[in-house]
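1. let's see this in three dimensions:
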Amino acid sequence: MAGQHLPVTRLEGVSREQFMQHLYPQRKPLVLEGIDLGPCTSKWTVDYLSQVGGKKEVKIHVAAVAQMDFIMLMTTCMLQKELYLLTSWSRGQLKRSIKNSLFQSHYHEQHIKDISSYGHQRALVERDEKYYLRSLGEDPRKDVADIRKQFPLLKEDIKFPEFFKEEQFFSSVFRISSPGLQLWTHYDVMDNLLIQVTGKKRVVLFSPRDAQYLYLKGTKSEVLNIDNPDLAKYPLFSKARRYECSLEAGDVLFIPALWFHNVISEEFGVGVNIFWKHLPSECYDKTDTYGNKDPTAASRAAQILDRALKTLAELPEEYRDFYARRMVLHIQDKAYSKNSE
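-> From the prediction side, this is the model:
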């Protein structure tokens, strides 16, 4: 288990003024209760979503285990089919549904072909597989996700909390996940609100100050099993302070930029993430449609550091070790914040 366990603060009936003036500047996660989200929390049943968005083509991730790895099969299907996959119907029920024309059978057959082409021999609807939808822009290379554009019939059902200026808005991401699915620990470079529309999630968060304990690979942690980590392989993980909360329908979790989060779907659930720009627009990579590319200044600094390390490699080991340690001390002295949490 990770070291220190701390609860995420929960507050009810927070106004825009309270959030912006008193809570937002603290830069800590916060669960907000009693926010007016519109009728989505009662309307967004599987049947309703199937009727409203059933013919929308979506991408889904298929995971063989609950703890999703960095590489997963992605396939395409209609939202209607996706919803019934995600509710963990038995294989027999799915076959009967397909036979009864609830789904278009050629889509099912195409999925099997798609999976086989990726080297997977199992069928898409195996009992133990987990499914995960993250909505994308029309052209993911150019367009950000926005539920109001990709699913226009749903936009009247949901109200976005007005905790940021409209010009700061970046994206709104529609998410649906199977029961038991666990999304790996990662950080985003923009602030976001995770709206739990239906179902229940457990969310574990780690402070940006604990990044050195999380064994990062890009924006993600290599420690997939955070509840029972392999401490022989990841010994420093035990030092990370763990913040935890449960989200039920109607709850909103504020996740500040750079805070690591790991999300476990305890039930079939529908959620919406709203991302906005905390920094001036020019700080962000203009090619970033997912909101997970480091700010341009950070990327430039990382490139400079890589060049510096390559230069150090020209020295013998004793000198390389000495000057690398001096570099670390210099960074700690000049760049690290002196404030502690």
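2. what's the burial count for residue 179?
-> 17 (other C-beta atoms under 10 Å). Quick note: C-beta positions are derived from backbone N, CA and C, even for glycine.
3. now it, what's its secondary structure?
-> Classification of residue 179 using DSSP: H, G, I helix; E, B strand; the rest coil returns coil.
4. pretty sure it is touching residue 266, no?
-> Yes - with contact defined as C-beta atoms under 8 Å, residue 179 reaches residue 266; the gap is 7.0 Å.
5. by mean pLDDT, which helix or strand of the chain comes out lowest?
-> helix 105-117 (a mean of 32; mean pLDDT, DSSP states H and E).
6. so how far is the helix or strand just after that helix off the chain centroid?
-> Helices and strands here follow DSSP states H and E; after helix 105-117, the next one along the chain is strand 130-134. Distance of strand 130-134 from its chain centroid, counting by C-alpha atoms, centre = their mean, to the nearest Å, is 11 Å.
7. beyond strand 130-134, next helix or strand please.
-> helix 147-150.
8. if you count contacts, what does that following helix end up packed against?
-> strand 169-177 (3 or more C-beta pairs under 8 Å, 6 or more residues apart in numbering; DSSP states H and E).
9. buried residues in the strand it packs on?
-> By 16 or more other C-beta atoms under 10 Å, the buried positions in strand 169-177 come out as 170, 171, 172, 173, 174, 175, 176, 177.
10. how about stretch 24-40?
-> Applying 16+ other C-beta under 10 Å to stretch 24-40 flags 24, 27, 28, 29, 30, 31, 32, 35, 37, 40 as buried.
11. can I see the domain layout of this structure?
-> Domain ranges of the chain: 5-44+132-283, 296-334, per automatic domain parsing.
12. quick check: which of those is buried the most?
-> Scoring the domains of the chain by mean neighbour count under mean count of other C-beta atoms under 10 Å gives domain 5-44+132-283 as the most buried, with a mean of 18.
13. could you list the low-confidence segments of the stretch 51-200 of the chain?
-> 53-58, 62-129 (pLDDT under 70).
14. as a check, name the ranges of all helices in the stretch 201-341 of the chain.
-> Counting by DSSP state H, counting those that start in this stretch, the stretch 201-341 of the chain has helices at residues 296-312, 317-334.
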